[in-house]
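Colleague: Coordinates for the following, if possible.
(chains A and B)
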Number of protein chains: 2
Amino acid sequence: MQRFSSVSRRFMSSKVSSFKSLVYSSHDAQDCTKVLTLHTYKAKGESEKSILLRTLAFPINPSDINQLEGVYPSKPEKVMDYGTEKPSAIAGNEGVFEVVDVPDSVDGLQKGDMVIPLQANFGTWTNYRTCEDPSQLVKVQGIDLITAATIAVNGCTAYQLVNNYVDWDQNGNDWLIQNAGTSSVSKIVTQVAKARGIKTLSVIRDRENFDEVASQLENELGATKVISESNNNDKLFAKEVLPKILGPDARVKLALNSVGGKSSASIARKLSPDATMLTYGGMSKMPVTLPTSLLIFKNLKCLGFWITQNSVRDPASKRKTIEEVSKLYAEGKIVSPANDVRILEWDTNKASDDEVLSLIKEGITHKGKKNVVVLKW
Amino acid sequence: MQRFSSVSRRFMSSKVSSFKSLVYSSHDAQDCTKVLTLHTYKAKGESEKSILLRTLAFPINPSDINQLEGVYPSKPEKVMDYGTEKPSAIAGNEGVFEVVDVPDSVDGLQKGDMVIPLQANFGTWTNYRTCEDPSQLVKVQGIDLITAATIAVNGCTAYQLVNNYVDWDQNGNDWLIQNAGTSSVSKIVTQVAKARGIKTLSVIRDRENFDEVASQLENELGATKVISESNNNDKLFAKEVLPKILGPDARVKLALNSVGGKSSASIARKLSPDATMLTYGGMSKMPVTLPTSLLIFKNLKCLGFWITQNSVRDPASKRKTIEEVSKLYAEGKIVSPANDVRILEWDTNKASDDEVLSLIKEGITHKGKKNVVVLKW
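Modeller: Below is the predicted model:
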């Protein structure tokens, strides 16, 4: 395997001797941390077209974990490119890199630029990465590291959910309703909607500090109104309280469902005729439930949303979405998720292989806030 | 109310002295037969534009009954046009009429023509009817009375379900799946699909004479394959038997759901990526249930279908549909429903008012085959 045996002269000049990547060659649905190893290898990259990237940060997303478990429908090809014994893939679908070395032939990219992958399955859980095809990278600017590391999934999902399915009127009467109103995506949805003049009705789970959480979403992120799941499921609430919240001329044109089950039926019931419900998650593990009459008599449209597939279908739109969302972040229209994540530090100068692997495994198993691994150089 | 007090001279020349209509001014969700009366009145129709129609036959559809119960979202306006004490509507949404008298100014219609209403809420449970607007009538020809009386709902529903939502390939690999495979609409769907070269997988309830019913649907109507609901819900069947039925290159592009609940989830699971599920009924009274993964990862589209609303939205398409379905019946591509209905005879020369009302009430309460009232003149 000649091409793996030496590091290219160009990369040598960047003083990069070897790569360390979190790789897997098999899956384990029970405990996916078992299949991960930190693999050290000499990089290919002898091609004159190779762009050398240094990783700055990557999140540990549910989809990354589902890929390791072998239960996610999108997955990277397992290859022999990294000198592993068995065909392997590098874990991780999104992340942010710094351009370390770029051939003169590549337009629009310079050393020091911050880039993210255009598509999923790039393999981001690594210290270095090469890329032969500059069209697979999107330059980002004006946003912080954590935003950049998470914009391709959560940011783009939220933006396309709000913007790609409904003709919104700017008359102050157009609403969207969403469940799981405290999720990362929902919070961005709230802000994207507010920036467009669309009102949001956010449903959140009943909790002891409901008022506190509701005020935060309303006052800090601009949710028009936050209600509890028990309100969402209450027919009397729908009949007597909801109309006063929405106002007489309201049109609830979009429901965003990431929960399923009863919650999905209840947000669907609040839609106006001819509205759309987009399902992009199923936290309750219950199927989407839709009263038949809503489909037939209200002409409800029920669709799925998957940013991964949308990006493959229409890469240009994904690129445009990244630009638009970056602009909203840069303008302060969306609050950075930086304070809402748990940072795990990978010190590339000090951490042993065992320490790095432990760090990642800890991030996989930790429940609560989203884990983002930040590499210290 | 001068205009109700006399019958027009034109109608007098047709020897029509009075009309008898099944009318209602209120609703009863428990026993809707209570609200129906047979009302005798002198017809308006002094307008020079009035077309006089004599009723030949009308079905008693579930939607007619739901209207009487007050639980159907589409309903006729209640008016004082018939000389009733309270504002009233004539029952019945579809039926077939013979033109008895038509002004010279109306193009395309002649005495003796067979016509059906273009839209629902026409008021068809009557012996005579006037129509001031010829654009609300569609001339039908080449089909029998029972077909004509039922084509506007069942025939048009089946035709539009098959034809209006999917780009079908004519390569023999395109399938649709439907539940309630023995329903009137499903049987027409089967034949419309066969005429277009689309294969059908029909799911029917488990029953003692399953083989007999399945062969009838396959041999007489052209269903490609009939399976039971227990097969439909069986994962092993889906994995091992179904692929052999469908063949290696099959694309199941459309699911037609009129059941809901588990059955809807099971037919949805058999769809190919990017397929559509149309819901047009909910016999099980259970909501439509859709596994979240089908929406997100298979990009399934779940829509409702309601011929009533479709016809209001696009009257030209409804007219075209009636023509196309009539052609299929006339060519023998669809078997007449005449042998599949229960005929109730209204002898207009002999039946007393009480007898007519009893006949209709009997039709409303009878379970089993669709009831069609045929008027004997």
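
Colleague: Around chain B, which positions in chain A sit nearby?
Modeller: Contact residues of chain A with respect to chain B, defined by Cβ under 8 Å from any Cβ of the partner chain, are listed as A:73, A:260, A:265, A:279-282, A:287-306, A:309. Where you see a C-beta, it was placed from the backbone N, CA and C, and this is true even at glycine.

Colleague: What is the longest helix seen in chain A packed up against?
Modeller: The longest helix of chain A (DSSP state H) is helix A:315-330. With contacts defined as 3 or more Cβ pairs under 8 Å, 6 or more residues apart in numbering or on different chains; DSSP states H and E, the secondary structure elements packing on helix A:315-330 are strand A:137-140, helix A:156-163, helix A:184-196, helix A:307-313.

Colleague: Tell me which strands the next helix or strand after the second one pairs with, and in which orientation.
Modeller: In this case it means helix A:156-163. Using DSSP states H and E, the helix or strand that follows helix A:156-163 towards the C-terminus is strand A:174-178. Using DSSP bridges, the strands paired with strand A:174-178 in its sheet are strand A:199-204 (parallel), strand A:251-257 (parallel).

Colleague: Now render the helices and strands packed on helix A:315-330 as JSON lines, adding distance to residue A:374, mean neighbour count and mean pLDDT.
Modeller: Formatted as JSON lines, the entries for the helices and strands packed on helix A:315-330 read as follows, by distance: least, Cβ to Cβ, whole Å; neighbours: other Cβ atoms under 10 Å in any protein chain shown; pLDDT from 0 to 100:
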{"stretch": "strand A:137-140", "distance to residue A:374": "16", "mean neighbour count": "21", "mean pLDDT": "97"}
{"stretch": "helix A:156-163", "distance to residue A:374": "21", "mean neighbour count": "24", "mean pLDDT": "98"}
{"stretch": "helix A:184-196", "distance to residue A:374": "17", "mean neighbour count": "23", "mean pLDDT": "97"}
{"stretch": "helix A:307-313", "distance to residue A:374": "23", "mean neighbour count": "19", "mean pLDDT": "97"}
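
Colleague: In CSV, list the strands paired with strand A:174-178 along with mean pLDDT and mean neighbour count.
Modeller: Conversion of the strands paired with strand A:174-178 to CSV gives the following (pLDDT from 0 to 100; neighbours: other Cβ atoms under 10 Å in any protein chain shown):
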stretch, mean pLDDT, mean neighbour count
strand A:199-204, 98, 25
strand A:251-257, 98, 25
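
Colleague: Need these in a markdown table (columns: distance to residue B:99).
Modeller: What follows is those, written out as a markdown table (distance: least, Cβ to Cβ, whole Å):
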| stretch | distance to residue B:99 |
| --- | --- |
| strand A:199-204 | 53 |
| strand A:251-257 | 43 |
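
Colleague: Residue A:206: neighbour count?
Modeller: Residue A:206: 10 surrounding residues under other Cβ atoms under 10 Å in any protein chain shown.

Colleague: again with residue A:353
Modeller: By other Cβ under 10 Å, the burial measure for residue A:353, its neighbour count, is 12.

Colleague: How confident is the prediction for it, by pLDDT?
Modeller: For residue A:353, the model assigns a pLDDT of 96.

Colleague: Could you check what's spatially nearest to it, not counting adjacent residues?
Modeller: Here the nearest residue to residue A:353 in space, its sequence neighbours aside, is residue A:38; by Cβ to Cβ, 6 or more residues apart in numbering or on different chains that works out to 4.7 Å.

Colleague: again with residue A:142
Modeller: Ranked by Cβ to Cβ, 6+ apart and with sequence neighbours excluded, the top spatial neighbour of residue A:142 is residue A:330, at 3.6 Å.

Colleague: Please report how far the residue nearest to residue A:353 lies from chain B.
Modeller: Here the distance between residue A:38 and chain B works out to 30 Å (Cβ to the nearest Cβ, to the nearest Å).

Colleague: quick check, that residue in a strand?
Modeller: Yes. According to DSSP: H, G, I helix; E, B strand; the rest coil, the state of residue A:38 is that of a strand.

Colleague: Right, I'll leave it there.
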